[in-house]
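Peer 1: quick one, structure for this:
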Amino acid sequence: MNSPLSEYGWHSALDTAFAPYAADGLVPARIARVYGDRCTAATPHGLVTASIAPLSSSDPLKWVCTGDWAALEPGGDPALVRALLPRANAVVRNTSTRRSEGQVLAANVDHVVIAVSLAAELDLGRVERFLALAWESGAQPLVVLTKCDLVADPALAHLRADTEAAAPGVQVLAVSAHTGAGLDVLTAIVSGGTCVLLGQSGAGKSTLANALLGTRKQRVRAIRDADGKGRHTTTTRDLLPLPGGGALIDTPGLRGVGMWDAESGVSQVFAEIAELALGCRFHDCAHEAEPGCAVLDALADGTLTHRRWESYRKLLRENAWIAARSDARLRAEQRREWKRRSALGRASAEAKRGRAAR
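Peer 2: Residues are numbered from 1 along each chain as shown. So this is what the prediction gives:
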């Protein structure tokens with residue numbers, strides 16, 4: 001028998017994971033929105049407001065996030081989120097702060113839908129950046145070229161082909177929420193699971209969300225005429241049930257898409273470069289000036305474009321830099337904690353000596 005949470009993505013495997021919490025009288029829930037120290041959670045009895053304070057943590061990767069499955073203590077005002085079920089996956093980016101911390105954008109998703117507006121110049125480097133985050137999460141990426149009604153063939157065909165070349169192994173759809181073009185294919189792909197919409201402001205995510213939901217649940221604002229950029233319409237990450245089953249997570253527009261421990265995701269986006277490297281004469285080839293370098297040969301004959309090669313190197317450098325900063329920050333925090341514990345130990349010892357002297 002289907003769970004009342006089936007429309008939010010509940011499946012039979014979660015029954016086993018939740019069993020220990022059910023024995024304690026807690027109820028299953030899925031986090032639909034987080035705001036401050038509270039959230040909106042979908043439960044078998046409907047949407048409720050719940051406090052997430054019991055799960056407060058100094059580690060942003062452990063913060064409650066839209067898409068999380070949770071064990072909820074009902075009955076209070078508000079209810080309390082007591083525990084999170086283990087995440088199947090999470091889409092994580094580096095925050096825009098100076099602390100080099102990861103930020104979970106969405107949890108437990110099947111598809112990462114990357115919305116790219118054709119009303120602006122196509123930025124393949126940004127598409128590759130989003131794809132690296134998507135592959136790293138373990139979910140299946142999907143690139144959606146929105147507002148395709150604004151571009152006529154053969155230009156549309158060229159833009160789609162360029163995007164496909166930057167997204168090996170990823171389906172690329174040209175979609176128009178205005179005309180309905182491509183929406184049937186997109187709906188069939190995302191129905192039944194959980195998808196998250198990612199993209200810049202103005203990419204048409206909220207319009208696309210409304211088209212998939214079949215109603216105007218998400219507010220839409222026009223892009224600025226001056227520069228064609230969007231203004232933030234969605235300000236929180238919202239999980240909404242889809243009419244055909246499954247759920248959609250709409251997210252605010254992302255200005256920055258920083259790498260966060262995404263080396264394998266980057267490698268998957270640029271899989272052809274790893275394959276080329278297997279043909280290099282030296283197994284530790286740096287692809288700079290070595291003889292017999294298959295990567296340099298591919299650059300010379302045009303098999304590999306210089307744009308794609310530079311994009312690959314840029315993302316690898318950024319990922320390595322963030323990893324080094326993160327490791328340094330963790331080491332510094334550990335040193336501070338050791339000093340704190342040492343100071344407490346000294347204070348305790350001095351207090352004991354003082355009592356003994358009396």
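
Peer 1: next, the residue nearest to the spatial centre of the chain: phi, psi?
Peer 2: For the chain, the residue lying nearest the average C-alpha position, counting by C-alpha atoms, centre = their mean, turns out to be residue 91 (2.6 Å). Here is the backbone geometry of residue 91 (degrees, to the nearest 10): phi -90, psi 120.

Peer 1: can you verify my assumption that it contacts residue 140?
Peer 2: No - using C-beta atoms under 8 Å, residue 91 is not in contact with residue 140, being 11.9 Å away. Yep, even glycine has a C-beta here, placed from its N, CA and C like the rest.

Peer 1: where do the contact lists of these two overlap?
Peer 2: Residues touching both residue 91 and residue 140 (C-beta atoms under 8 Å, 6 or more residues apart in numbering): 112, 134.

Peer 1: about what we covered before: per-residue pLDDT of the residue nearest to the centre of the chain, please?
Peer 2: You'll see residue 91 listed with a pLDDT of 94.

Peer 1: longest strand anywhere in the chain?
Peer 2: strand 27-35 (DSSP state E).

Peer 1: who are the packing partners of that strand?
Peer 2: helix 13-23, strand 38-43, strand 46-51, strand 69-73, strand 238-241 (3 or more C-beta pairs under 8 Å, 6 or more residues apart in numbering; DSSP states H and E).

Peer 1: other SSEs contacting the helix or strand just after the shortest one?
Peer 2: With elements assigned by DSSP states H and E, the helix or strand that comes after strand 238-241 is strand 247-250. Counting by 3+ C-beta pairs under 8 Å, 6+ apart, the packing neighbours recorded for strand 247-250 are strand 194-198, helix 205-213, strand 238-241.

Peer 1: which non-adjacent residue is nearest residue 110?
Peer 2: Closest residue in space to residue 110, ignoring its immediate chain neighbours: residue 193 at 3.3 Å, by C-beta to C-beta, 6 or more residues apart in numbering.

Peer 1: residue 285 and residue 319: what is the separation?
Peer 2: The gap separating residue 285 from residue 319 is 20 Å, by C-beta to C-beta, to the nearest Å.

Peer 1: more neighbours: the two, which one.
Peer 2: Shown here are residue 285 and residue 319; by other C-beta atoms under 10 Å, residue 319 has more neighbours (22 against 17).

Peer 1: pLDDT averaged over the one helix or strand that one maps to, what's the number?
Peer 2: Element membership of residue 319 [criterion: DSSP H and E] is helix 306-357. Averaging pLDDT along helix 306-357 gives 73.

Peer 1: for residue 274, grab phi and psi.
Peer 2: Backbone torsions for residue 274, taken as degrees, to the nearest 10, come to phi -60, psi -40.

Peer 1: cool, and residue 55?
Peer 2: phi -110, psi 20.

Peer 1: ok, it to residue 63 distance?
Peer 2: 8 Å.
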